[in-house]
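K.L.:
Can you look at this prediction? I've put the sequence above it.
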Amino acid sequence: MACAVSVIVAETAGPARPAKPSAPIARSTSVTRQFIIQSPDRAFRQQLATRAEEIKASVLQTLRLRDEWRIPVTVFARETPAGSSGPPPPGSLRLIDAAGQLRIQVEIERRSAATPEAFDRDLARALLFEIACRDAAPAGGARAVALPGGWLVDGTLALAEMRVGSIPSYLFDGLLRAGQTDPARFIRANPAPSDSAAVTLQRAVGAALVQALLDRPEGGGGIIAALRAGVDAPGSDPMDHLFSGFPSLNHSPAVLAKAWAVQAGRFAAQQESGVLGIADTRAAIAEALAFEKPGPEGLRRLGISDVAELEKGGGRKAYVRQAQAALDSLAGRAHPLWEPVIDRYRVLIADLERGRTRDLARGIADAAAADAARAVTADEIDDYLNWMEANAPGASSGVFDGYLRASAANQAPASTPRDNAVTRYLDTIEREFR
């Protein structure tokens, strides 16, 4: 489950030494108080704190986990060295034992924050590392610990973005056609972020693998168990950690490979057709209208009807922006029967943006009724088609045989040319105008 290695740094009190006076490092704390951002620039700190909470909400929602953090994460944004070019290096990640209190420290270059992929990757890795270390005892000295594998970090982020088609279907299709159906080598690999091709491939493999694991009986709890199995075993085989978290795989790479291939095939087929099924469309609408709002007690899942809660702390603008983007993306992929429902919700979101909430409750009820009516209609159509299939006769009844023979005879070319007054007249006209 893990490849890279970090070190627990024990901070101990030593002999008192004269300290040089220095200005305190400016810091900002995120809404859930898990992230502490250190930077001289106040606006930059607030931007990173907001983005960190958004990444956290996305990761937890994707892995179907609750917000139960215990270890704070400190993000230190250092200035980019002069003359630096190319993509920013990955951030350094350390688990620090400060007088028996654990904390995770992420150190990034400031330009990483301007590269969403780099910052999201560093934060997602830190979040998964925090989940793995929650039950870790204080170090009592320095020791090596393993970091979450790149396939899990990239796969989780890619899966969170799948609804906007961030991964083209040809990648899944190409992997399957090439016979690359064994995810073990991707689990053991850890490509450098500068190798864009390898990272793109890892994102596709990881997205299908994470979804396949979430669909196992262990679900998100299995991912937690696998993370914790690997954190104190740096250098060991990450496949062993994965199997310890997912007993239903029976320690069989073949079972894992089959589960991955099935999920990759689903992603390829879904994106190739470009149209979601009924169940996926309804689930996507519900997801588009949901909003994870951070608060002192953790993330709260809100919806379009929670106007009063959305108004607090400026949440309404963030909700409107997120819902509009999600519905716009869904409009071209939704089942055709649900296009009017999506249009209703888009109108409601636009009204919410303008502060027109007087008729919001009635509009939500009308949209929900339209959704339910279409679901009933779809079920009736499905039941009728199933009945037709079950009761279809095994052979032709012969009732329409006469019609079919007459139709075939009319469509067949005449064996001999016709010779009558009409055909002779047409032949004469044709000769005259040649």
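P.N.:
Okay, I see it. Numbering: from 1, shown residues only.

K.L.:
Every contact and neighbour count from this point should use C-alpha atoms.
P.N.:
OK.

K.L.:
ok, Val75 - how many residues close by?
P.N.:
In terms of burial, Val75 registers 27 neighbours under the definition other Cα atoms under 10 Å.

K.L.:
Any idea how far the helix or strand hosting it is from the middle of the chain?
P.N.:
Taking DSSP states H and E as the definition, Val75 sits inside strand 73-78. Taking the mean C-alpha point of strand 73-78 and that of its whole chain, the gap between them comes to 26 Å (Cα atoms, centre = their mean, to the nearest Å).

K.L.:
Can you list the buried residues in the following helix or strand past it?
P.N.:
Beyond strand 73-78 in the direction of the C-terminus, DSSP H and E gives the next helix or strand as strand 92-98. Applying a neighbour-count criterion of 16 or more other Cα atoms under 10 Å, one finds 93-98 buried in strand 92-98.

K.L.:
Enumerate every residue touching Phe291.
P.N.:
By Cα atoms under 8 Å, 6 or more residues apart in numbering, the contact set of Phe291 is 300-303, 319.

K.L.:
hang on, the earlier thing: just checking: what are the partner strands of the strand holding Val75?
P.N.:
strand 35-38 (parallel), strand 101-109 (parallel) (DSSP bridges).

K.L.:
Torsion angles phi and psi at Phe291?
P.N.:
Dihedral angles of Phe291 (phi, psi; degrees, to the nearest 10) stand at phi -150, psi 130.

K.L.:
Ignoring the adjacent residues along the chain, who's closest to it?
P.N.:
If the residues on either side of it in the chain are set aside, Phe291 comes closest to Leu302, at 5.1 Å by Cα to Cα, 6 or more residues apart in numbering.

K.L.:
Tell me how many other residues surround the one you found.
P.N.:
16.

K.L.:
Kindly provide the distance from it to Ala57.
P.N.:
Here Leu302 is placed at a distance of 12 Å from Ala57 (Cα to Cα, to the nearest Å).

K.L.:
Check Cys133 too.
P.N.:
Using Cα to Cα, which is the criterion applied here, Cys133 is 19 Å from Ala57.

K.L.:
And Trp338, by the same measure?
P.N.:
Using Cα to Cα, one obtains 27 Å as the distance from Trp338 to Ala57.

K.L.:
Among those two, which residue is more densely surrounded?
P.N.:
Looking at Trp338 and Ala57 with other Cα under 10 Å, you find the greater number of neighbours at Ala57, namely 22 against 19.

K.L.:
thinking that one is in contact with Arg301, fair?
P.N.:
No - Ala57 is not in contact with Arg301 according to Cα atoms under 8 Å; the separation is 9.9 Å.

K.L.:
hey, what's in contact with both of those two?
P.N.:
Glu292.

K.L.:
and Gly206, how many neighbours?
P.N.:
Other residues near Gly206 come to 28 when the count uses other Cα under 10 Å.

K.L.:
and it, helix, strand or coil?
P.N.:
The three-state label for Gly206, taken from DSSP: H, G, I helix; E, B strand; the rest coil, comes out as helix.

K.L.:
And the nearest residue in space to Arg188 that is not next to it in sequence, how far from Gly245?
P.N.:
With sequence-adjacent residues excluded and distances taken as Cα to Cα, 6+ apart, Arg188 is closest to Pro238, at 6.4 Å. Going from Pro238 to Gly245 by Cα to Cα gives 11 Å.
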